[in-house]
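[1] Curious how this folds, go ahead:
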Amino acid sequence: MPDVPDASVGPRPRRRGRTALLIGGAVVLGLVAGTCGGYLVQADREPTKLPPLSQPVLPQARGEGPEPLSAAQDRQVKTDGDLRKLLLKAPRGAKKPDWIADDNWMDLASYADNFKNPGAVFPDLVGEEFRRAAVTGWKVGSTSTVEIRLVQFRQEEEGTTAENLSGDNQYWADKEDATDSWSIPGTGGGMAYVHTRPDSKPGYLPLYSAEAHAWRGDIALEIWVYGSKPIAKKTIMDLAERQMERL
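    Now for the predicted structure:
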């Protein structure tokens, strides 16, 4: 049988001799000596001055500041005043409908009552910081009516409530069948709609409708037009553009 090498026999690890110990001791001594020397050198030096904590004083601009905006230029002055003054005026010969309040204001409950579920809408409007609504409208003859609402929100917590309301109204307007729509120039997102299919009920004349929804700042614009005949694009667009110009 071939010889099997003894497991106890083999290369033994080299022991650390005196030379290694001396080198290690020299390194430790070197570190200690270097540290002590650093302390001694630092102790002999002048202390380094720290940079000043305050920044240099900046020169202030001279001259008078810009003049405040006039009431005609400051939109907030207009919208914080009597909102009813911003509504379009009724054309000559038109009559005021019975459902328009005498003072042309619409409170929170009255506005919520325009929705299919007023009880659910009322607390939503409170949470959305409803402030007030101004309303106007007129009847031309016996078959055509117009209603315009300016709905204002405080927008202290939520800065886009008026925009969101217009967006919701536009969503539902787009859901209507047989509807044509156009952007309202100068509004950045306002839309006008003409519903070409009338609402027909037995015993009643066919009822055509058109609407427009836009916003500017904290005010949402709603326009509703009804008539027994198809409503022209020019009619709703003219109302929307002229009303937005007043905002």
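[2] What sits closest to residue 95 if chain neighbours are left out?
    residue 139 (4.8 Å; C-beta to C-beta, 6 or more residues apart in numbering). Quick note: C-beta positions are derived from backbone N, CA and C, even for glycine.
[3] My understanding was that that neighbour contacts residue 93; is that so?
    No - Residue 139 lies out of contact with residue 93 (C-beta atoms under 8 Å); the separation is 10.0 Å.
[4] Neighbour count for those two, which is higher?
    Per other C-beta atoms under 10 Å, whichever of residue 139 and residue 93 has more neighbours is residue 139, with 17 against 8.
[5] Okay, and the beta partners of that one?
    For residue 139, the beta-bridge partners are residue 95, residue 145 (DSSP bridges).
[6] any chance you could map the helices in the protein?
    18-44, 75-79, 108-112, 118-127, 161-175, 233-246 (DSSP state H).
[7] Next one: residue 117 relative to residue 123, how far apart?
    Per C-beta to C-beta, to the nearest Å, residue 117 is found 11 Å from residue 123.
[8] how many other residues sit next to residue 165?
    Neighbour tally, residue 165, other C-beta under 10 Å: 21.
[9] scratch that, residue 177 is what I was asking about
    7.
[10] What of residue 194?
    Neighbours around residue 194, by other C-beta under 10 Å: 24.
[11] Now residue 83. Nearest residue, chain neighbours left out?
    residue 134 (4.1 Å).
[12] so what's residue 135 bridging to?
    Assigned bridge partners for residue 135, using DSSP bridges, are residue 149.
[13] tell me the contacts of it?
    87, 100, 101, 104, 105, 106, 147, 148, 149, 150 (C-beta atoms under 8 Å, 6 or more residues apart in numbering).
[14] Backbone dihedrals for the third one, please?
    This points to residue 101. Main-chain dihedrals, residue 101, degrees, to the nearest 10: phi -60, psi 150.
[15] Could you check how many residues crowd around it?
    Around residue 101 there are 13 residues (other C-beta under 10 Å).
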